[in-house]
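Colleague: The sequence isn't on hand, but the structure is:
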Ligand code: CTP
């Protein structure tokens, strides 16, 4: 489930349920959404603007007449920015004003000025909810294309019992997720490994490689944006977790990566092995720093690491497996060889060197699968990752059909 980079305008009107909207902002941001909050004047009697500002990480607007805010992002710009408008809580008053097409405050003006679909989460006393005026206004808004979410029935803040409770934050969040329809990987669990592995020699030295993790992180971001629930297993890299990624597990060695990947993959539909897993590790890891023996060579004995992809493909219930192959020469042959040998569904191969591959912003890939291939020409890693995800989604559907 993801709302990565989705732009949601949350309108908060004056009801006690406004406190639940604080939680809603957090839950929307958990899924990667960008949230901007506007409040009516009466909403600020229930929750301070500073609370929403801290939770959304964005300035909160409470008035049409704030010159500074208008200079930063004018209300028309804000109306255009929004992909969805959710009014939560929506009081009887704001519902009435919206139904009438008023534009007497910021929220109502934004709703009129925006082409974004409007969602309303009513919250009010059960007697008010049952009033024919409120129901008539909602009928009008529905006719104009608005979607009414809830309300739920139950105990109310005022002590009454009945219909009028605002839906819970997670229910509202899920309604917004569903409103964006289905991404290519919607509903699928995807595990991505990224970055290098470090194999310790002693407390201060290790064997590593030049993988930056950028390609794997871009794949994780693209999969999340395509609607997947993503777990990212990261080797030692200094990269921020991409928006929308549900879980990140940091590891150091190949053995740790194998444990984390196998555990995450027990529930996964797709595994993308973008990590540059070290093939060998020192047989003995010295507990203390090794001292130089002047004049003598040092021989380091290495043991073979487990192959994570191969161990996944050996399982009877295995996810769809996508490997990477970084090659300096004879790319097609080596990549097809790895596709077969490791029992993969797809492999993404690239030529390293010549300004491409490790530590670079750009990359180029050739995808191979049984009976086909696709060329993804040189471009930035984010674009390439989105193209890769599209191919993975296609091949996944064919494989599962
Ligand atoms: N891989 C893995 N476990 C390992 C080594 C590699 O899962 N111990 C995965 C990588 O994440 C990648 C793919 O295998 O998706 C290809 O890795 P690569 O190092 O190119 O393959 P090797 O089998 O090590 O081949 P080479 O002889 O080229 O090193």
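Modeller: Right, received. Where do you want to start? Since we're looking at a predicted model, the values are computed, not measured. Residues are numbered from 1 along each chain as shown.
Colleague: where does the residue in the stretch 51-200 of the chain positioned nearest to the ligand fall, phi/psi-wise?
Modeller: Evaluated by CB to the nearest ligand atom, the stretch 51-200 of the chain has residue 193 as its residue closest to the ligand, separated by 6.0 Å. Every residue, glycine included, has its C-beta placed from N, CA and C. Residue 193 adopts backbone torsions of phi -100, psi 150, taken as degrees, to the nearest 10.
Colleague: Can you report phi and psi for residue 16?
Modeller: Dihedral angles for residue 16 - degrees, to the nearest 10 - are phi -60, psi -30.
Colleague: what number of residues lie near the residue of the stretch 51-200 of the chain closest to the ligand?
Modeller: 32 (other CB atoms under 10 Å).
Colleague: beta partners of it?
Modeller: The partner list for residue 193 in beta bridges (DSSP bridges) reads residue 233, residue 273.
Colleague: Surely it touches residue 233?
Modeller: Yes - Residue 193 is within contact range of residue 233, at 4.6 Å (criterion: CB atoms under 8 Å).
Colleague: Now for these two: what residues contact both?
Modeller: 257, 261, 275 (CB atoms under 8 Å, 6 or more residues apart in numbering).
Colleague: Flag the shaky bits of the chain, pLDDT-wise.
Modeller: 181-182, 244, 354-359 (pLDDT under 70).
Colleague: ok, the shared contacts of residue 193 and residue 233 vs the ligand, which is closest?
Modeller: Within the shared contacts of residue 193 and residue 233, the smallest distance to the ligand is 4.6 Å, found for residue 275 (CB to the nearest ligand atom).
Colleague: neighbouring contacts of the helix ranked longest in the chain?
Modeller: Using DSSP state H to define each element, the chain has its longest helix at helix 381-400. Helix 381-400 is touched from outside by 184-185, 188, 214-215, 218-219, 221-223, 225-226, 269-270, 272, 320, 322, 345-346, 348, 361-365, 367, 369, 374, 376, with contacts defined as CB under 8 Å, 6+ apart.
Colleague: so what's residue 49 up against?
Modeller: The contact partners of residue 49, by CB under 8 Å, 6+ apart, come to 37, 39, 60, 62.
Colleague: and the first one, that's in a strand?
Modeller: Same thing as residue 37. Yes - assessed with DSSP: H, G, I helix; E, B strand; the rest coil, residue 37 lies in a strand.
Colleague: wait, residue 138 sits on residue 122?
Modeller: Yes - at 7.4 Å, residue 138 and residue 122 qualify as touching, with contact defined as CB under 8 Å.
Colleague: any residues in contact with both of the two?
Modeller: Joint contacts of residue 138 and residue 122 (CB under 8 Å, 6+ apart) are 95, 148.
Colleague: more neighbours, these two?
Modeller: Shown here are residue 138 and residue 122; by other CB under 10 Å, residue 122 has more neighbours (28 against 21).
Colleague: what's the distance between that one and residue 179?
Modeller: 17 Å (CB to CB, to the nearest Å).
Colleague: next one: residue 375
Modeller: 36 Å.
Colleague: and the stretch 101-250 of the chain, which residues reach the ligand?
Modeller: residue 193 (CB under 6 Å from any ligand atom).
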